[in-house]
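[1] Need the 3D shape of this:
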Amino acid sequence: MSEYSVQSRCECQAILSATLDENRQVRNGWAARGRGREVAPAHSIGSANERFDIGWLCPYCGRNTLRTFYAGALRPVKGSETPAT
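    Numbering: from 1, shown residues only. Model prediction:
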């Protein structure tokens, strides 16, 4: 199973990140600011489309942050692909 990683900045400058599965559904989300790292609930919107959105709830400032991503620009996370048999 392939995994993909996406990142964006919140308005408070926290780095919002999410790991996606091969269907572009969020597996987990987190936010980092300084040396801290917190869970940031995230979800995919319109993941079947070429351009889709991911929404995060930033744990640092409480904002709901929505970002658009292009499916063709996603690259697998190293070591996440299963070898062919």
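
[2] Would you mind naming the residues that bridge with the residue most central in space within the chain?
    Geometric centre of the chain, nearest residue: Ala18, 2.4 Å, by CA atoms, centre = their mean. Legend: beta-bridge partners of Ala18 under DSSP bridges are Val6, Gly29.

[3] Touching, it and Ala31? I think so.
    No - in this structure, Ala18 is not within contact of Ala31 by CB atoms under 8 Å, at 9.9 Å. All C-beta spots, glycine's among them, are computed from the backbone N, C-alpha and C.

[4] Touching both of the two, which residues are there?
    Residues touching both Ala18 and Ala31 (CB atoms under 8 Å, 6 or more residues apart in numbering) are Trp56.

[5] Who are the contact partners of the residue nearest to the centre of the chain?
    By CB under 8 Å, 6+ apart, the contact set of Ala18 is Ser5, Val6, Val26, Arg27, Asn28, Gly29, Trp30, Ala42, Ile54, Trp56.

[6] how much space between the residue nearest to Ile15 when sequence neighbours are not counted and Glu50?
    Leaving aside its chain neighbours, Ile15 sits nearest to Ala32 (4.8 Å; criterion: CB to CB, 6 or more residues apart in numbering). Using CB to CB, to the nearest Å, we find Ala32 at a distance of 28 Å from Glu50.
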